[in-house]
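S.K.: dropping a prediction and its sequence here:
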Amino acid sequence: MKAFVTAIGNAIPLVILPVYFLRALPTYLPVEIPLDLQALERTIITFGGVAVIFAALTAFFSKGLVMRAAFGSARQGSRVAWIYYVLSGGIISLSISLFDADVSFGVNVQRLLYILYAAILLMVGYFIAEYFVYRREFQEEEYYEY
């Protein structure tokens, strides 16, 4: 049950809301966006789905198991990949034609994303530390009987 709730909780911000906003975006803008929204939607679903699966598998295993540390680390790596591919590596450029005039603008947020990547990847250290801290409890209780 815990894994299912975690999967739903991660699917909402990583897949459901971005896809909803992406599909609703053309109806609210007065100009046509020259982006391939379907490709971006597929990217969101693909990388978001992987992140949701890793989150559910992380929640499924108990603290102190090597599988939890592995899936927790993979979960954080998949989140970094999701952010990187959805935000195009931090360099966002757009050009729109308005009333016979071309308007182009670009935003470079790579350094901000590097800070975000570092914060997310700190969680990898958390999962590894969690493994070593709780491992002793599993060894004492002897869950594995041969």
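M.R.: Everything's here; your move. Residues are numbered from 1 along each chain as shown.
S.K.: what's the burial count for residue 108?
M.R.: Residue 108 has 12 neighbours, counted by other Cβ atoms under 10 Å. Heads up, the C-betas are built off the backbone N, CA and C, glycines and all.
S.K.: against residue 40, how distant is it?
M.R.: 19 Å (Cβ to Cβ, to the nearest Å).
S.K.: per-residue confidence for the residue sitting nearest the centre point of the chain?
M.R.: With distances taken as Cα atoms, centre = their mean, residue 79 lies nearest the centre of the chain, 2.9 Å away. Per-residue pLDDT puts residue 79 at 95.
S.K.: wasn't it part of a helix?
M.R.: Yes. Counting by DSSP: H, G, I helix; E, B strand; the rest coil, residue 79 is found in a helix.
S.K.: tell me the contacts of it?
M.R.: By Cβ atoms under 8 Å, 6 or more residues apart in numbering, residue 79 lies in contact with 14, 51, 120.
S.K.: to which secondary structure element is the second one assigned?
M.R.: Read that as residue 51. Secondary structure from DSSP states H and E places residue 51 in helix 37-60.
S.K.: now the last one
M.R.: Following DSSP H and E, the helix or strand that holds residue 120 is helix 110-141.
S.K.: in that helix, which residues are buried?
M.R.: Residues of helix 110-141 classed as buried by neighbour count (16 or more other Cβ atoms under 10 Å): 113, 116, 117, 120, 123, 124, 127, 130, 131, 134, 138.
S.K.: from residue 85, how far off is the first one?
M.R.: Right, residue 113. Residue 113 is 12 Å from residue 85, where distance means Cβ to Cβ.
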